[in-house]
Every structure is written in structure tokens, then in C-alpha cells.
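Chemist: quick one, fold the following:
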Amino acid sequence: MPELPEVETVTRLIRKPLLGRTIEGVSVQWERTLGGTSRRSFSSAVRGARVKAVWRRAKYIVIDLERPRGEPIGAVLVHLRMTGRLHVDAATEEARDYTRVACRLDNGNELRFVDTRKFGRFRFLARPDDVLEGLGPEPLESGFDRDRFHRDLRARRRMLKPLLLDQTFLAGLGNIYVDEALHAAQLHPLRRSDRVPRPKADALYDAIRTTLAEAIEREGSSFDTFYRTPEGQPGSYQDRFQVYGRTGEPCYRCGRAIRRIVVGQRGTHFCTRCQPAPRGG
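Modeler: Below you'll find the predicted structure:
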């Protein structure tokens, strides 16, 4: 599933061709993609609306809409899930395979949501904050500082891996970047959050931000055939993986074989030497 770096990359690449454009028509090929809204209701809500802003919140791409006079009407929230992709194509181009929703724009282009496995969502919400307000802080924003992170860790009594995956605790992290950040900070994935000393909490804070920033710079990770940018290009951060997907291969830091366990039904990769299991959690 695309995580913060991949979603941020897609958001940045579709922002320029969408800003200021008016949606003139909608074609829906798979109604469930709309997240419970009917074709008619979705089309009625977005037709004639202008794109005011395109931004990311956690793993959501948010497309703010307004009426021609500037009255905000809500937003389209896009969740790529496992195989979703967004493209801005000329309307004259043949529709891509597995296109589930297409929004025709006033300049002759279309915003197309393509999703092979049909898990993604492309839905309109008049009150997007109903979904977005419950999410945790953004790890790359200035308001996410070391003191707050340390306090939040201490306030929980949870294992680090599932806690960092919890979108109400911290927004946007997923399996890949949690494993990579924990390895960089030399913390075991089963370590209890309230038992992480301040120096290690600071190291984890830095590792999360550095890992995400580098992944965004490399346009995310493409370790399978599904994730591609709206330009059709793969990301390249997978070439820098230290532990994720490297089961049995030597740790670049110490040479010990990378181990894989399952934590909360998620494959978890770590080095038993660099990330020793703490006594008593």
C-alpha cells in the first residue's frame, strides 16, 4: 500500500495540472470506488466545481473544491490503497485499463483514477474534516517536534511497530518506513513505547523524518509493479532499503542476517544485533 512518500509524490505531480480547473463531467465505471455514494450524487456534487487546492493528509490525497464564486463545497478524498493510481491525461487519449472514475476538466484533460484490484477510494465529502480530524500529527510538519513525540510515546503502553502504524498516533507511516526508521534508530519493533529513553526517542524522531524526506526525494518506493508516479515512472527508494524485504540477507551495518517476524499481522523486518530485544519489553 502506498505510504506517505508515495502519496506525497502523487499529490505534487497532479497539483499543477489540476489547480484552477473546473470539472465539467464525470464517468464512473465502478460505483463502489465512490465509497458508498451513488454515481448520480457524486456527479451532482462535483460537476461545475473548481479545484481550489490539492494537498496530502496522512495517506489521503485531498482535492478541495469550490463553486465559481469561491464558495467551498467540500473535497474529493482519494485513498490509493494497494493498486490505485491517479493520472491527468488528455480526454482524447484512450482510457487506461482499469479506470474506475474519470473527471473531465475544462481544458480538455481528464483526471483518471485507475485501480486494478478495486480497493482504492475516490469519494466526495462535504465535510472532509469528519475523516481527517481524527488523524495524528504529520511527521514532517514543524508542529511535530521531539518533545511532543517523546510525550506521546510515554503516554502509550504499546509495542513500537503497531503504535507507529496507528494513523491516529502518527499520520502517513506504513510498514516499509516504520521498519526502516526503527532500524535506523536501533530500536526493536516489539519495544514498549513508554520504556523508550529520551535519547532513543530523539533518534527515532530523527530517523522517521530523515527516512520520509529521502523517500520523497526519490519519489517513493516501487518494489512491485503497482506503484508508479502519475508520469508512469517508478520510485527509487527501494534501492536504499536497509531491512524491508531483505529477509536472510546481511545487515549492511553489522552483517547479521535480517530477520522477519509477524507483528499485528504485518511482516516486520529487523536486525537482531542492531535492534536487540529489550529485557522486560
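
Chemist: all contacts plus neighbour counts: C-alpha atoms, from now on.
Modeler: Will do.

Chemist: biggest helix in the protein, by residue count?
Modeler: Taking DSSP state H as the assignment, the helix of the chain that covers the most residues is helix 198-217.

Chemist: against which helices or strands is that one packed?
Modeler: With contacts taken as 3 or more CA pairs under 8 Å, 6 or more residues apart in numbering; DSSP states H and E, helix 198-217 sits against helix 4-18, helix 146-155, helix 175-184.

Chemist: now these as CSV including mean neighbour count, distance to Lys52 and mean pLDDT?
Modeler: Formatted as CSV, the helices and strands packed on helix 198-217 follow (neighbours: other CA atoms under 10 Å; distance: least, CA to CA, whole Å; pLDDT from 0 to 100):
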stretch, mean neighbour count, distance to Lys52, mean pLDDT
helix 4-18, 21, 9, 96
helix 146-155, 16, 32, 96
helix 175-184, 23, 31, 98
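
Chemist: and of those helices, who's closest to Val26?
Modeler: Each of these was scored for nearness to Val26 using CA to CA, and the closest is helix 4-18 (14.9 Å).

Chemist: and that closest one with helix 175-184, angle?
Modeler: In terms of direction (axes from the mean of the first three to the mean of the last three CA atoms, to 10 degrees), helix 4-18 departs from helix 175-184 by 130 degrees.

Chemist: can you list the strands that whichever helix or strand comes after helix 4-18 pairs with?
Modeler: For helix 4-18, the following helix or strand on the C-terminal side (DSSP states H and E) is strand 23-28. Strand pairing for strand 23-28, using DSSP bridges, gives strand 99-105 (antiparallel).

Chemist: who touches the partner strand?
Modeler: Here strand 99-105 makes contact (CA atoms under 8 Å, 6 or more residues apart in numbering) with 21-31, 33, 91, 110-115, 122.

Chemist: re earlier: now the longest helix of the chain: buried residues?
Modeler: Residues 198, 201-209, 211-213, 215-216 are the ones in helix 198-217 that count as buried (16 or more other CA atoms under 10 Å).

Chemist: read off the pLDDT value for Asp224.
Modeler: pLDDT, Asp224: 69.

Chemist: burial check on the residue nearest to Arg81 when sequence neighbours are not counted, number of neighbours?
Modeler: Residue nearest to Arg81 in three dimensions, not counting chain neighbours: Gly120, with 4.8 Å by CA to CA, 6 or more residues apart in numbering. Gly120 has 24 neighbours, counted by other CA atoms under 10 Å.

Chemist: same question for the one 10 residues further on.
Modeler: For Asp130, the number of neighbouring residues by other CA under 10 Å comes to 9.

Chemist: list the contacts of Gly120.
Modeler: Gly120 makes contacts with 33, 78-84, as judged by CA under 8 Å, 6+ apart.

Chemist: one more: Ala215?
Modeler: 5, 221, 236-237 are the contacts of Ala215 under CA under 8 Å, 6+ apart.

Chemist: that older thread, from the chain's centre, how far out does the longest helix of the chain sit?
Modeler: Chain-centre distance of helix 198-217: 16 Å, with CA atoms, centre = their mean, to the nearest Å.

Chemist: tell me the mean pLDDT over that helix?
Modeler: Summarised as a single mean, pLDDT over helix 198-217 is 98.
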